[in-house]
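Engineer: no FASTA, just this:
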């Protein structure tokens, strides 16, 4: 074959195929007696370009083909490769030297006991110390097909962290520094804060009074009946909590326990940790960890309620958790009424109950309005007119009717949204490591089961609309 071989002759000898979404090009040779001499490489490149192969050529392979075309008769050869895009890296937060990864659950000691007070530690910083640095995401690098078309890369995901109380940023807004000495707490909406600590070296009494503090509160003694503590950070009590009110934006950790006398209220935006709870009202957005017992109490957690220490007893009252309830023993031989509910965030369950009550009240009021309007319409048909004051009343009632019907529609839409959560219960579990007694009512999602016999070493889940028991 001489250098004058025309392009159209090449098309009868060599077939070009583009595969894998443009990421691979191949050459297939057919027999032709005109292939009796080397093919000029420039002619071959021109031929490939005509078939839209212009990127990623294997120059070494191309040289061999052009020099010895007869060798490739009847063969298919890879001649060009595209370049895959390189996706960008996600942004990340690098914490300062003060930071030690927090534990996400209770610590098991060497002797087998569970230390429910070592779940988390205070992260302290000094004024001016670097708290965190944001490493930005990268855009990535585009790829290219054998035809030269760009393949865009996926850029990395951004991460958001905003300065909160007592935190300042540098000019480039990628480094966070402490403005005061204190505790680092990341709160709602990804705000990073430094909170100071308020400490009471003993019991809360009338010389201390109620506490409302922007930061973390530490009580070295007890909190008696009637006192109230609000904290934007953690609340840590080293004694008992009686019939008092504790509200925290972080964890509530009670080294002894809760003796609520059915008049306590303890609410945490994170976890509640205690040795025991007796006649208490406890609400945690995430977890409740108890090492000894939960007795005759109302306890709810957005994720899990765990009572798995040495005793690990749950008896009486109502326990609610979004994902799981676990204990050593549930109920007692006296068949004390005990209710366990999992499979839906207790806050949503409470909201649903409130919406249903509100809807009933509106329907009741709406029924009265419709009856009043019916009387006014009957009066108008009889007299062909209405006095001005009755006409004004009619207009007001019609406006109220429209407003109530709109409100009912909004409530029903929200009810539908919440009820859809009942179907997301594949992770909902009730675990009993020793025994569960008759007298206990289980609720998983919308499904109920009354325990009428003892079960041991068991877990309960919902499958196909029924609550079933499985051995642990």
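Structural biologist: Yep, it's here. Remember, predicted model here, so these are calculated numbers, not experimental data. Residues are numbered from 1 along each chain as shown.
Engineer: Every contact and neighbour count from this point should use C-alpha atoms.
Structural biologist: Noted.
Engineer: residue ranges with poor pLDDT in the stretch 151-300 of the chain?
Structural biologist: Applying pLDDT under 70 to the stretch 151-300 of the chain flags the ranges 188.
Engineer: go again using 80 as the cut-off
Structural biologist: Counting by pLDDT under 80, the stretch 151-300 of the chain shows low-confidence ranges at 183, 187-190, 214.
Engineer: Quick one: the helices in the chain, in order.
Structural biologist: 7-13, 41-50, 59-67, 346-383, 388-420 (DSSP state H).
Engineer: which of those has the lowest average pLDDT?
Structural biologist: Sorting these by mean pLDDT places helix 7-13 lowest, at a mean of 76.
Engineer: on contacts alone, who are the packing partners of that helix?
Structural biologist: helix 41-50 (3 or more C-alpha pairs under 8 Å, 6 or more residues apart in numbering; DSSP states H and E).
Engineer: what comes up buried for the helix it packs on?
Structural biologist: By neighbour count on 16 or more other C-alpha atoms under 10 Å, the buried set for helix 41-50 is 41, 43, 44, 45, 47, 48.
Engineer: Run the angle between it and helix 59-67 for me.
Structural biologist: Relative orientation of helix 41-50 and helix 59-67, computed by axes from the mean of the first three to the mean of the last three C-alpha atoms, to 10 degrees: 110 degrees.
Engineer: quick revisit: could the buried residues of helix 41-50 go into CSV alongside distance to residue 228?
Structural biologist: As requested, those are arranged in CSV below (distance: C-alpha to C-alpha, whole Å):
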residue, distance to residue 228
41, 88
43, 89
44, 86
45, 83
47, 85
48, 81
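Engineer: Go through those residues and say which is closest to residue 64.
Structural biologist: residue 41 (9.7 Å; C-alpha to C-alpha).
Engineer: Please parse this structure into its domains.
Structural biologist: Domain assignment for the chain, taken from automatic domain parsing, gives 7-81, 92-140+149-194, 196-285, 348-423.
Engineer: Just name the most buried of those.
Structural biologist: Of the domains of the chain, the one with the most neighbours on average (mean count of other C-alpha atoms under 10 Å) is domain 196-285, at a mean of 21.
Engineer: so how far is that one from its chain's centroid?
Structural biologist: Centre-to-centre, domain 196-285 and its host chain are 27 Å apart (C-alpha atoms, centre = their mean, to the nearest Å).
Engineer: Pick the one among the buried residues of helix 41-50 closest to residue 330.
Structural biologist: Out of the buried residues of helix 41-50, the member with the shortest distance to residue 330 (by C-alpha to C-alpha) is residue 48, at 76.3 Å.
Engineer: My guess is the closest one contacts residue 15. True?
Structural biologist: No - the pair residue 48 / residue 15 is not scored as a contact, 9.8 Å apart, by C-alpha atoms under 8 Å.
Engineer: So residue 198 versus residue 226, what's the distance?
Structural biologist: 20 Å (C-alpha to C-alpha, to the nearest Å).
Engineer: what's the spacing between the nearest residue to residue 201 once chain neighbours are set aside and residue 241?
Structural biologist: Distance criterion C-alpha to C-alpha, 6 or more residues apart in numbering; nearest residue to residue 201, sequence neighbours excluded, is residue 220 at 5.1 Å. Distance from residue 220 to residue 241, counting by C-alpha to C-alpha: 12 Å.
Engineer: thinking again about what came up before, can you tell me which residues contact the residue nearest to residue 201?
Structural biologist: 199, 200, 201, 202, 203, 237, 238, 239 (C-alpha atoms under 8 Å, 6 or more residues apart in numbering).
Engineer: let's go with 6 Å and repeat that
Structural biologist: Applying C-alpha atoms under 6 Å, 6 or more residues apart in numbering, we find residue 220 in contact with 201, 202, 238.
Engineer: Tell me the one of those residues nearest residue 133?
Structural biologist: Closest to residue 133, out of all of the contacts of residue 220 and judged by C-alpha to C-alpha, is residue 238, at 34.7 Å.
Engineer: Help me confirm that that closest one comes into contact with residue 255.
Structural biologist: Yes - applying C-alpha atoms under 6 Å as the test, residue 238 and residue 255 come out as touching, 4.8 Å apart.
Engineer: Distance of residue 343 relative to residue 455?
Structural biologist: According to C-alpha to C-alpha, residue 343 and residue 455 sit 21 Å apart.
Engineer: out of those two, which sits in the busier spot?
Structural biologist: Neighbour count, other C-alpha atoms under 10 Å: between residue 343 and residue 455, residue 343 has more, with 30 against 19.
Engineer: Could you list which residues are in contact with the more buried one?
Structural biologist: Contacts of residue 343 (C-alpha under 6 Å, 6+ apart): 322, 323, 425, 428, 444, 445.
Engineer: do the same with residue 190
Structural biologist: Residues near residue 190 by C-alpha under 6 Å, 6+ apart: residue 161.
Engineer: gap between it and residue 244?
Structural biologist: Taking C-alpha to C-alpha as the measure, residue 190 falls 30 Å from residue 244.
Engineer: With residue 465 instead?
Structural biologist: Taken as C-alpha to C-alpha, the span from residue 465 to residue 244 is 41 Å.
Engineer: Tell me the pLDDT of residue 56.
Structural biologist: 94.
Engineer: So what does it have for phi and psi?
Structural biologist: Main-chain torsions, residue 56, degrees, to the nearest 10: phi 70, psi 30.
Engineer: okay, now residue 302: neighbour count?
Structural biologist: So residue 302, with other C-alpha under 10 Å, has 26 neighbours.
Engineer: Hmm, it is touching residue 344, no?
Structural biologist: No - with contacts counted by C-alpha under 6 Å, residue 302 stays clear of residue 344, the gap being 8.0 Å.
Engineer: Next, show the common contact partners of these two.
Structural biologist: Common neighbours of residue 302 and residue 344, using C-alpha under 6 Å, 6+ apart, are residue 322.
Engineer: now do the same end-to-end measure for stretch 246-262.
Structural biologist: End residues of stretch 246-262 are separated by 14 Å (C-alpha to C-alpha).
Engineer: who touches that stretch?
Structural biologist: So stretch 246-262 is contacted by 228-243, 266-280 (C-alpha under 6 Å, 6+ apart).
Engineer: Take the residues you listed and keep only those in strands.
Structural biologist: The strands, defined by DSSP state E, take in 228-231, 235-237, 266-268, 272-278 from the contacts of stretch 246-262.
Engineer: Now render the helices of the chain as TSV, adding distance to residue 82.
Structural biologist: Listed next are the helices of the chain as TSV, based on distance: least, C-alpha to C-alpha, whole Å:
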stretch	distance to residue 82
helix 7-13	23
helix 41-50	14
helix 59-67	14
helix 346-383	52
helix 388-420	46
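Engineer: And those helices: which comes nearest residue 173?
Structural biologist: helix 346-383 (36.0 Å).
Engineer: so that closest one versus helix 388-420, what angle?
Structural biologist: 150 degrees.
Engineer: just use 299 as the starting number from now, easier for me
Structural biologist: Sure, I'll start counting at 299 from here, so that last one is helix 644-681.
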